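**Student:** need coordinates for the following:
(one chain, ligands or ions: 1)
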Amino acid sequence: MSKLARLGGEPVIKNTDESLFHWPIVNDAMRKAQADVLETGNMSGTDIARRFEAEFAAWQGRKHALSHNNGTNALNAAMYGIGLGPGDEIICTSVTYWASCTGALSLGASVVFCDIDPESLQMDPASFEARITPRTKAVMVVHYMAHPAPMDEIMAIARKHGLKVIEDVSHAQGGHYKGRMLGTFGDVAAMSLMSCKSFAIGEGGMLVTDDDEIFRRAIRFGHYDRIIDVYSDAEMEATKNIPFGGLKNRMHQTSAAIGIEQLKKHDAEIAEIDRAMKYFWKGIEDVKGLKMIYPKDSGSDKAGWYASRFLYDAAAFGGVTNVTFCEALNAETGGGFSFGCNMPLHLSSVFFDVDVYGHGKPTARVFLPDGVDPRAECGELPHAEAVNGRVLGEPWFKHADPARIDPYIEAVHKVAAQATELLPINDTTPVIGGVALSKRKK
Ligand SMILES: *Cc1c(COP(=O)(O)O)cnc(C)c1O
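**Tutor:** The predicted model follows:
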């Protein structure tokens, strides 16, 4: 076998074919749809957005869909929608993107983080339950990196304790858990539709719910021109349609127009990605030390494989770290692999110490009884803290084309077979959130 490219040998792939990864896939209908919005000057209305919502709600199997200008604000509206407010706690897995829960602080609530399951990287139900206090109002469940969270366990715990459930579906639009679509389990779901996600329409977000009151509150929070649709004259008499919180969350209609077209092809696209990723894994399943993360239950899937990760066992490669292994893979392929995942959020002082609004004490504690410390409530989160050194990200193949995927399979075999050659250049500094600390310092 030839020498590793990382050590000066010939790479497996000399000319990377970017078309294998290009995203989103744009068709003529999308081009026309967005041009029409521009030509008619209809960028800031709600008519196209409402059409997109109706079709999205039907696809999702939910009564209401409410479009937003991004996923962050859709999630914030979901938290407001369920009534999260001053002195409340919301429990969220520590390993997710910050927008899953940071908006809770603006509502006067605090975030308590729980640990992940080290195999699936999803919320650990026992760790969630252990952090419930009399102040806990809700749980934010993230279907992390396209993998469904264990909804049976999470829903049972939430119902037992009378908690509201919000799903963050930003990584898994169109995915399923035991045959049921993600985003249909909790009281409300919200998700990003930004251009890097599986459902990519530009900046955009969607909130879906069957609950009329959550829908109404989400409108009152940030959709001033639609308050009239869901509140009576008597209800609006005093407030005169001014959105509570002074926010404007509506979606750009270019995004909505693109979204209507994306909806028509989304299921087919994620099915193709699924075939491509499974073909890749079939080719490397015999490599000891690398383990695909895929749901075990029948009817569950990893739709879209957004930011997918797999488990890396350094011990199987003589102690070569995931960072070094990743660099060797990318040297062979010209890129596509990544190491680590999100930084555990409980390592950020924003959730515990920062006085965001000038209350004279940490924002997270402004409405909590004296002596209650959200950081202490999080406790130890060992799996969240270890995860960044244990995972790698696969190349995100968009086309199930064996001839173009085979070289990536070959590259994995090549690096795996000679991994110990990398020991002299092994990067052993800790990894936090997909960044090796040694690299950040440079
Ligand atoms: C991207 C993302 C968001 C935020 O969505 P935006 O559209 O970027 O505002 C929220 N949660 C998760 C898990 C995400 O990955």
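
**Student:** pull up the gap between the closest residue to Phe280 other than its chain neighbours and the ligand, please.
**Tutor:** For Phe280, ignoring the flanking residues on the chain, the nearest one in space by CB to CB, 6 or more residues apart in numbering is Ile405 at 5.4 Å. Where you see a C-beta, it was placed from the backbone N, CA and C, and this is true even at glycine. Plainly put, Ile405 is 25 Å away from the ligand if you go by CB to the nearest ligand atom, to the nearest Å.

**Student:** buried residues, the top helix by length along the chain. List them.
**Tutor:** Counting by DSSP state H, the longest helix found in the chain is helix 253-284. In terms of neighbour count (16 or more other CB atoms under 10 Å), helix 253-284 has its buried residues at 253-263, 266, 269-270, 272-274, 276-281, 283-284.

**Student:** hang on, the earlier thing: roughly how far does the residue nearest to Phe280 sit from Trp98?
**Tutor:** 33 Å (CB to CB, to the nearest Å).

**Student:** who has more neighbours, these two?
**Tutor:** Ile405 (20 against 14; other CB atoms under 10 Å).

**Student:** give the contact list for the more buried one.
**Tutor:** Contact analysis of Ile405 by CB atoms under 8 Å, 6 or more residues apart in numbering lists Leu20, Ala276, Tyr279, Phe280, Gly283, Phe397.

**Student:** host element of it?
**Tutor:** helix 402-417 (DSSP states H and E).

**Student:** and that helix, how far from the chain's centre?
**Tutor:** 28 Å (CA atoms, centre = their mean, to the nearest Å).

**Student:** start the count at 28, not 1, going forward
**Tutor:** Sure, I'll start numbering at 28, so the last one becomes helix 429-444.

**Student:** average pLDDT for that helix, rounded please.
**Tutor:** Regarding helix 429-444, the rounded mean pLDDT is 98.

**Student:** enumerate the positions of that helix that are buried.
**Tutor:** In helix 429-444, counting by 16+ other CB under 10 Å, buried: Ile432, Pro434, Tyr435, Ile436, Glu437, Ala438, Val439, Lys441, Val442, Ala443.

**Student:** closest to Thr73 out of these?
**Tutor:** Ile432 (42.4 Å; CB to CB).

**Student:** for the residue in the chain that the ligand sits nearest to, give me its contacts.
**Tutor:** Nearest to the ligand in the chain, going by CB to the nearest ligand atom, is Gly98, at a distance of 2.5 Å. By CB under 8 Å, 6+ apart, the contact set of Gly98 is Ala126, Ser197, Ala217, Met218, Ser219, Leu220, Met221, Lys224, Gly231, Gly232, Met233.

**Student:** now do Arg277
**Tutor:** Ser71, Thr73, Ala76, Ser94, His95, Asn96, Gly249, His250, Asp252.

**Student:** now do the SS call for it.
**Tutor:** coil (DSSP: H, G, I helix; E, B strand; the rest coil).

**Student:** per-residue confidence at the nearest residue to Gly229 once chain neighbours are set aside?
**Tutor:** Using CB to CB, 6+ apart and skipping residues adjacent in sequence, the residue nearest Gly229 is Ser282, 4.3 Å away. Note on Ser282: pLDDT of 98.

**Student:** what do you get for the one 4 residues further on?
**Tutor:** The model reports Gly286 with a pLDDT of 98.

**Student:** my understanding was that it contacts Gly231; is that so?
**Tutor:** Yes - Gly286 is in contact with Gly231 according to CB atoms under 8 Å; the separation is 6.6 Å.

**Student:** shared neighbours, those two?
**Tutor:** Joint contacts of Gly286 and Gly231 (CB under 8 Å, 6+ apart) are Ser94, Leu220.

**Student:** before we move on, back to that, can you list the buried residues of helix 429-444 in a markdown table and add distance to Leu190?
**Tutor:** Shown next, in a markdown table, are those (distance: CB to CB, whole Å):
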| residue | distance to Leu190 |
| --- | --- |
| Ile432 | 43 |
| Pro434 | 48 |
| Tyr435 | 43 |
| Ile436 | 44 |
| Glu437 | 49 |
| Ala438 | 46 |
| Val439 | 42 |
| Lys441 | 49 |
| Val442 | 45 |
| Ala443 | 44 |
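
**Student:** using CSV, write out every CA atom in the helix or strand containing Phe79.
**Tutor:** Assigned by DSSP H and E, Phe79 belongs to helix 74-87. C-alpha atoms of helix 74-87 as CSV (Å, rounded to 0.1, in the frame of the first residue of the first chain):
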residue,chain,number,x,y,z
ASP,A,74,-48.9,35.5,0.9
ILE,A,75,-46.2,33.2,-0.4
ALA,A,76,-45.0,32.5,3.1
ARG,A,77,-48.6,31.4,4.0
ARG,A,78,-48.7,29.1,1.1
PHE,A,79,-45.4,27.6,2.1
GLU,A,80,-46.7,27.2,5.7
ALA,A,81,-49.8,25.4,4.5
GLU,A,82,-47.8,22.9,2.4
PHE,A,83,-45.2,22.5,5.1
ALA,A,84,-47.8,21.8,7.7
ALA,A,85,-49.4,19.2,5.5
TRP,A,86,-46.1,17.5,4.8
GLN,A,87,-45.3,17.6,8.5
